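Asks: any chance you can model this:
(chains A and B)
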Amino acid sequence: MTQAKLKTAVRNIGDDVTVIDIQGDINATTDGVLTEAFAQASNGARAIIMNFSGLKYMNSSGIGLLVTLLIRANRQKQKLLSYGLSDHYKQIFELTRLNEAIGIYNGESEAAAAAASK
Amino acid sequence: MSDTNDEKQKQREGRWAPSVEHLNVGELPRGARGLNVQGRHVSGALQGFGQMWQKTYRVRLPAVGMSAVEAMQIWKAEFPNFQPPATRFYPPMSGIEPGQIIFINLMLPVFFGLNMIPVESGVMVLYADDESFSVMTPEGFPVSGWNTFSIFEEDGCLVAQVQSMDRAADPIYELGTLLMGGARRQEENWTHVLTKLAERLNVTGQTVEMKKECVDPRWQWRHAMNVWQNASVRTVLYIMAAPLRWARNATRRSKA
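Replies: The predicted structure is shown next:
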């Protein structure tokens, strides 16, 4: 397997909402990096927003990884939202029907507003 | 430089199946009937009913004398040959490419692991690159989710891997999975596939390792109505209705 090519940063944007900034690839080799970022982001959070603006590439293992994170979020009664997806990856979310469970928004403020609702 | 990047990006995007509203069977490979695929939506691990499991099967391929890409080419080209006797795969005539459908006939166990219930359906190739490919199930398939087949290098040795992330599609299938040997049958199938692949690559004496994790132990009752799409029930009804179809066709012929 090749070296992991993913960098993440976790930000708290208030109101128990955290953002994971993703920079690089999501695949089987980056599992550990993303899982660790998710654990950090989910600590005490009510909603987690994934910022995919820096996503370079995701393969089908990446989709499986997102499903695992989604299930963890559901178990902890946390919302999982996203923004910054390119048209291509929006299409992939629709094709794999991930969009039915992970909200897709146009920008951080829109996602934050959705996270604050309910 | 940006042209090269654009080209690379396009190439990467081409590894994914195009977006489709419903599956379209198109031309059938010889022997396949294409039941329970036409017009169905694809259905991922989030849309099924039963407990969600991630299972990873791996076999090491030491001294195989070829690259991961070359080994994957063999796996893709000879995919049906590695299946157990009770399972028949009909790959698309154009090969395993994103968006294509692989038709599948299989038998589900009912009592004491005996194969008794036929299922005809298929899976869509969701993603394919040189070293891996993934398939996604349609509505009505016994499980709802994804399977990824890959070959990669680890510690200087090639490893062939099958990873499934799925859940039984409806309550009937979940019953079969938990009580009638369905889960064990699935595990035996993928172990068989990796064993046969290793043999084809002249590797012997390697054990297939399996790791499994229950990702979500809950039943998703909101998807219990998936039972209406159950490909097994529909396949059995199709087979039982064969005399009626025969009589109808005979009547038409005599009128003509």
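
Asks: briefly note if stretch B:146-161 comes near chain A.
Replies: Yes: judged by Cβ under 8 Å from any Cβ of the partner chain, stretch B:146-161 and chain A are in contact via B:146, B:148, B:150, B:152, B:153, B:154. (Glycine included, C-beta is placed from N, CA and C.)

Asks: give me the nearest residue to residue B:118, chain neighbours excluded.
Replies: residue B:235 (5.2 Å; Cβ to Cβ, 6 or more residues apart in numbering or on different chains).

Asks: ok, longest strand in chain B?
Replies: The residue-count maximum for a strand in chain B (DSSP state E) belongs to strand B:115-128.

Asks: show me what secondary structure element comes after the helix or strand containing residue A:25.
Replies: Taking DSSP states H and E as the definition, residue A:25 sits inside strand A:17-26. For strand A:17-26, the succeeding helix or strand toward the C-terminus, using DSSP H and E, is helix A:31-42.

Asks: buried set for that following helix?
Replies: A:31, A:33, A:34, A:37, A:38, A:41, A:42 (16 or more other Cβ atoms under 10 Å in any protein chain shown).

Asks: and what of stretch A:72-90?
Replies: Result for stretch A:72-90 [16+ other Cβ under 10 Å]: buried residues A:72, A:73, A:78, A:79, A:80, A:81, A:82, A:83, A:84, A:85, A:88, A:89.

Asks: same question for stretch B:23-35.
Replies: So for stretch B:23-35, counting by 16+ other Cβ under 10 Å, buried means B:23, B:25, B:28, B:29, B:32, B:34, B:35.

Asks: and those, which of them are in strands?
Replies: Short answer: the buried residues of stretch B:23-35 have none in strands (DSSP E).

Asks: hmm, back to that, tell me the one of the buried residues of helix A:31-42 nearest chain B?
Replies: Nearest to chain B, judged by Cβ to the nearest Cβ, of these is residue A:31 at 11.5 Å.

Asks: count residues in the vicinity of the closest residue in space to that closest one that isn't next to it in sequence, would you?
Replies: Nearest residue to residue A:31 in three dimensions, chain neighbours excluded: residue A:65, at 5.7 Å (Cβ to Cβ, 6+ apart). Residue A:65: 21 surrounding residues under other Cβ atoms under 10 Å in any protein chain shown.

Asks: and residue A:65, what element?
Replies: helix A:60-75.

Asks: hang on, the earlier thing: which strands and helices sit next to the longest strand of chain B?
Replies: Counting by 3 or more Cβ pairs under 8 Å, 6 or more residues apart in numbering or on different chains; DSSP states H and E, the packing neighbours recorded for strand B:115-128 are strand B:101-109, strand B:132-138, strand B:143-154, helix B:231-240.

Asks: got the contact list for residue B:173?
Replies: Counting by Cβ atoms under 8 Å, 6 or more residues apart in numbering or on different chains, residue B:173 touches B:49, B:50, B:142, B:143, B:182, B:230, B:232.

Asks: residues contacting the closest residue to the second one other than its chain neighbours?
Replies: Ranked by Cβ to Cβ, 6+ apart and with sequence neighbours excluded, the top spatial neighbour of residue B:50 is residue B:168, at 3.2 Å. Taking Cβ under 8 Å, 6+ apart as the contact definition, residue B:168 lies against B:48, B:49, B:50, B:51, B:142, B:143, B:144, B:174, B:176, B:177, B:182.

Asks: one more time with 10 Å, if that's ok
Replies: B:48-53, B:142-145, B:174-178, B:182-183, B:219, B:226 (Cβ atoms under 10 Å, 6 or more residues apart in numbering or on different chains).

Asks: which of the helices and strands packed on strand B:115-128 sits most buried?
Replies: strand B:132-138 (a mean of 26; mean count of other Cβ atoms under 10 Å in any protein chain shown).

Asks: distance from that strand to the middle of the chain?
Replies: 7 Å (Cα atoms, centre = their mean, to the nearest Å).

Asks: list the helices and strands that strand packs on?
Replies: For strand B:132-138, the elements it packs on are helix A:60-75, strand B:42-43, helix B:68-77, strand B:101-109, strand B:115-128, strand B:143-154, strand B:157-168, judged by 3 or more Cβ pairs under 10 Å, 6 or more residues apart in numbering or on different chains; DSSP states H and E.
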